[in-house]
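Engineer: sequence plus predicted model, see below.
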Amino acid sequence: MFERYTEKARRVIFFARYEASQFGSQTIDPDHILLGLAREDRILFKGYFKSAQISIKLLRAELERRARLKEIISTSAELPLAEGTKRVLAYAYEESEKLGHNHIGTEHLLLGSLREANSTTAKVLHEHGFSIEILRKEIANRSGRIARYQSTRLSRTVLGLETLLEAPLDVLGNARVGLVCNQASVNHNLEHAADLLYRHPDVNLSALFGPQHGIRGDVQDNMIETEHAVDRATGLPIHSLYSETREPTDDMLTDVDILVFDMQDVGCRIYTFAYTMANCMRAARRLNKKVIVCDRPNPINGISVAGNLLEPEQASFVGQFPIPTRHGMTLGELARMFNEHFAIGCDLEVIEMEGWNRMYWHEQTDAPWVMPSPNIPTVDSATVFPGTVHFEGTQLSEGRGTTRPFELVGAPYIVPEDYTRELNKIGFSGVFFRSCVFRPTFQKHAGVSCGGVQVHVTDRTVFEPVIVGIAMVKVAYDMYPTLFRWKDAPYEYVYDRNPFDVIAGTSRIREAIEQGTTVEEIQKSWQAPLAEFRKVRNEYLLY
C-alpha cells in the first residue's frame, strides 16, 4: 500500500498512529495524519503555513479544544484507518499523479488532508484563510524547480556485471563460467560482457548461451530458432536456448560450474528472458550448478504494478508463473521470487546494482541502453509494450516491420479517424491516440497499408499501459465485429490454445471482450489478486 511513499511519508503514518493513541481514538483519523505531518516535517509546515498565520502549536491547540479527548490508548495497539483517512491517502495519490510525481511525499499527504473537507483540520485552516488552491500551486512551483534541477543530473547506477568484474575471484573463484547474454549485456563503456569476462585474467569463461533473438539480437520474429554456433570474437561455443531446447542440457553444462546470467529485461511478464533465466535455474538445480544473476534496471520503473495474474493452465514460454502483466521488479528480484516462492530451489546469488532507485525510468539512470530485442528499440516502446503486446494475439499489426513497433497498431480494414475518435473518447490519462496509416515491411500485413493509431504517451507517470492495450483490442473488436480476428495458433510453441489467451495468461479477458464487458469491469477483476501479489512481491525486493 505504501510502496510509493517516501521515508518521511511513511513515518507520518507511524506518528499519526501515535497521535491517535494520545487522543484515545479507536481509529486513525485525518486530523491525526496532519499532526503526524507536523511532527515529521516541520519545515513543510513552516514553509507552507506561513502565509496563513497559523503555527503548529496553534493548530494542535485548536484540535485538542474541538476534539473529545478520551483515555490514552497503548501505542502498541493496532488502530485501523478511519474511512476519512483512507480518502486522504487516496487524495494524496491523486495529488501526486496530478503533479506528475513518481513518489508520494509529505506534501501530497498535506494536500490530501486538506481535501477531506469534513475533518477538523480542514475547517480550522479554512477559518484562518488558508487556501488549498494556493498550496497546490506553491507545491507545483517548488517541485517543478526541483524536477528541473534533477533532470539535469543522471543517477549513477553501478550494474551487477560491473560489480562482479571488480572482484570476480570473490564470487567465481576458479570455476568454469557459462555466460547467458545478448547484445544488451554491456557495461557503461558499451563493452560486451562476453568480451569483458573472456579477457579478465581471473575468469575462466568456457561457454556462451544465447536467448530468444540470438546472442547478437539479429533474429527478428517469434518461433524463429537460432542455431548453435561458435563466437567469432572469443572462439567459445554458443549454445542456443531458443532452439530444439529452451533449457540448458546436460551436455551444454558439462564444462560449466557456474552460470552467469546478464540480460536486460523490459518489465513485463510477456517477455521470454525471465523464463530463459528460470530454465537455467532449473538446469542448475538438476545438475548441482550455481546461478549468478547480474542485476540491471527495470526500464519502466520498479514501482508500477498492473494487470492480471497468469493462470497456471496458461503457462508458456511467455509466462511460467502467476505474476501480473507489469510486475515492477528487476530480473534479480524475479530470480529470488522464482527460486524461493515458486520453489525452483537452485544455488542462486544475485549481484545487486548500486545507486538504482525503484522510481527511476531508464533514462533517469546513467545505465547504457542497447535494445534488448529487435522490436524494443527504445524506452518508449518498452513503456507501451505491457499493453500493446496483446495485439500479438490478434490479426491486427502491432507495428512489427515498422520503426515504431508496439507504438503503431492497425489493420487494412481499420478507418484510422474512427478508431482514434473512439479511443480518445475513453479519456485515459497520460496518452493520446493519433490516427495514422503505416505499411509493415514484414510480419502481419507486410507490404499492405494499415489504418490505425500511434500511441503517444504524454505523461507516463499516469499512463496505464496494460488496461490501455486491452481497451484498444476491445474497441477494435467492437467496431469491426465481422473483420476482427484472433490470431491462429501456434504461439510460442503452444499449439492447442488461443494465442491471445497465452499472451494474456487467461481466457477471461478474451471472453470478457467477446461478451461486451466494460473496460472498468475488466480492470476491476484483477485488483484483488494484484493486491495479494504485492504482498508476496514485497518479500523479494532488493531496492
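Structural biologist: Done, it's in.
Engineer: centroid-nearest residue for the chain?
Structural biologist: In the chain, the centroid-proximal residue (Cα atoms, centre = their mean) is Gly328; its distance is 3.1 Å.
Engineer: need the per-residue pLDDT for the nearest residue to that residue once chain neighbours are set aside.
Structural biologist: Closest residue to Gly328 apart from its sequence neighbours, by Cβ to Cβ, 6 or more residues apart in numbering: Val305 at 4.2 Å. In this view, the C-beta of every residue, glycine as well, is placed from N, C-alpha and C. Turning to Val305, the model gives it a pLDDT of 97.
Engineer: where does pLDDT dip in the stretch 1-150 of the chain?
Structural biologist: Within the stretch 1-150 of the chain, the segments meeting pLDDT under 70 span 1, 3, 42-60, 66-71, 73-77, 117, 121-122, 125-150.
Engineer: circling back to that earlier point, contacting residues around the residue nearest to Gly328?
Structural biologist: Applying Cβ atoms under 8 Å, 6 or more residues apart in numbering to Val305 gives the contacts Pro324, Arg326, His327, Gly328, Leu530, Phe533, Arg534, Arg537.
Engineer: for these, which one is nearest Ala184?
Structural biologist: His327 (18.9 Å; Cβ to Cβ).
Engineer: contact partners for the closest one?
Structural biologist: Here His327 is in contact with Gly267, Cys268, Arg269, Val305, Leu334, Arg537 (Cβ under 8 Å, 6+ apart).
Engineer: that one and Met337, how far apart?
Structural biologist: His327 sits 9 Å away from Met337, going by Cβ to Cβ, to the nearest Å.
Engineer: what strand or helix carries Val350?
Structural biologist: Val350 belongs to strand 347-351 when assigned by DSSP states H and E.
Engineer: following that strand, which helix or strand shows up next?
Structural biologist: Counting by DSSP H and E, the next helix or strand C-terminal to strand 347-351 is helix 379-388.
Engineer: now do the buried residues in that next one.
Structural biologist: Buried residues in helix 379-388, counted by 16 or more other Cβ atoms under 10 Å: Val379, Asp380, Ser381, Ala382, Thr383, Val384, Phe385, Pro386, Gly387, Thr388.
Engineer: neighbouring contacts of that helix?
Structural biologist: Helix 379-388 is touched from outside by 266-268, 270-271, 299-300, 306-307, 325-326, 361-363, 369, 375-376, 398-399, 404-407, 409, 455, 457, 460, 463-470, 472, with contacts defined as Cβ under 8 Å, 6+ apart.
Engineer: my guess is the residue nearest to the centre of the chain meets Pro299, correct?
Structural biologist: No: between Gly328 and Pro299 there is no contact under Cβ atoms under 8 Å: 11.8 Å.
Engineer: give me the common contacts of these two.
Structural biologist: By Cβ under 8 Å, 6+ apart, Gly328 and Pro299 have these common neighbours: Gly267.
Engineer: ok, Arg439 - contacts?
Structural biologist: When contacts are counted by Cβ under 8 Å, 6+ apart, Arg439 touches Thr402, Gly447, Val448, Ser449, Cys450.
Engineer: restricted to strands, list those.
Structural biologist: Taking DSSP state E, the ones among the contacts of Arg439 that sit in strands are Cys450.
Engineer: show me which of the contacts of Arg439 are buried.
Structural biologist: For those, a burial check counting by 16+ other Cβ under 10 Å picks out Thr402, Cys450.
Engineer: state the distance from the residue nearest to the centre of the chain to Ile509.
Structural biologist: Gly328 is 20 Å from Ile509, by Cβ to Cβ.
Engineer: in the protein, which helix or strand is least confident?
Structural biologist: None of the helices or strands of the chain scores lower by mean pLDDT, DSSP states H and E than helix 132-150, at a mean of 56.
Engineer: and after that helix, which helix or strand comes next?
Structural biologist: Counting by DSSP H and E, the element after helix 132-150 in chain order, helix or strand, is helix 160-166.
Engineer: buried ones in that next one, by neighbour count?
Structural biologist: Gly160, Leu161, Glu162, Thr163, Leu164, Leu165.
Engineer: hang on, Arg87 packs against Glu116?
Structural biologist: Yes: contact status for Arg87 versus Glu116: in contact at 5.8 Å, counting by Cβ under 8 Å.
Engineer: okay, the two: which has more neighbours?
Structural biologist: Using other Cβ atoms under 10 Å, the more surrounded residue of Arg87 and Glu116 is Glu116, with 24 against 17.
Engineer: list the contacts of that one.
Structural biologist: Neighbour list for Glu116: Pro30, Gly84, Arg87, Val88, Tyr91, Ala122 [criterion: Cβ under 8 Å, 6+ apart].
Engineer: export those residues to TSV and append columns for secondary structure and distance to Pro237.
Structural biologist: Shown next, in TSV, are the contacts of Glu116 (DSSP: H, G, I helix; E, B strand; the rest coil; distance: Cβ to Cβ, whole Å):
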residue	secondary structure	distance to Pro237
Pro30	helix	65
Gly84	helix	65
Arg87	helix	61
Val88	helix	60
Tyr91	helix	59
Ala122	helix	69
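Engineer: could you dump those residues to TSV with distance to Gly427?
Structural biologist: Below are those laid out as TSV (distance: Cβ to Cβ, whole Å):
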residue	distance to Gly427
Pro30	29
Gly84	28
Arg87	23
Val88	25
Tyr91	20
Ala122	29
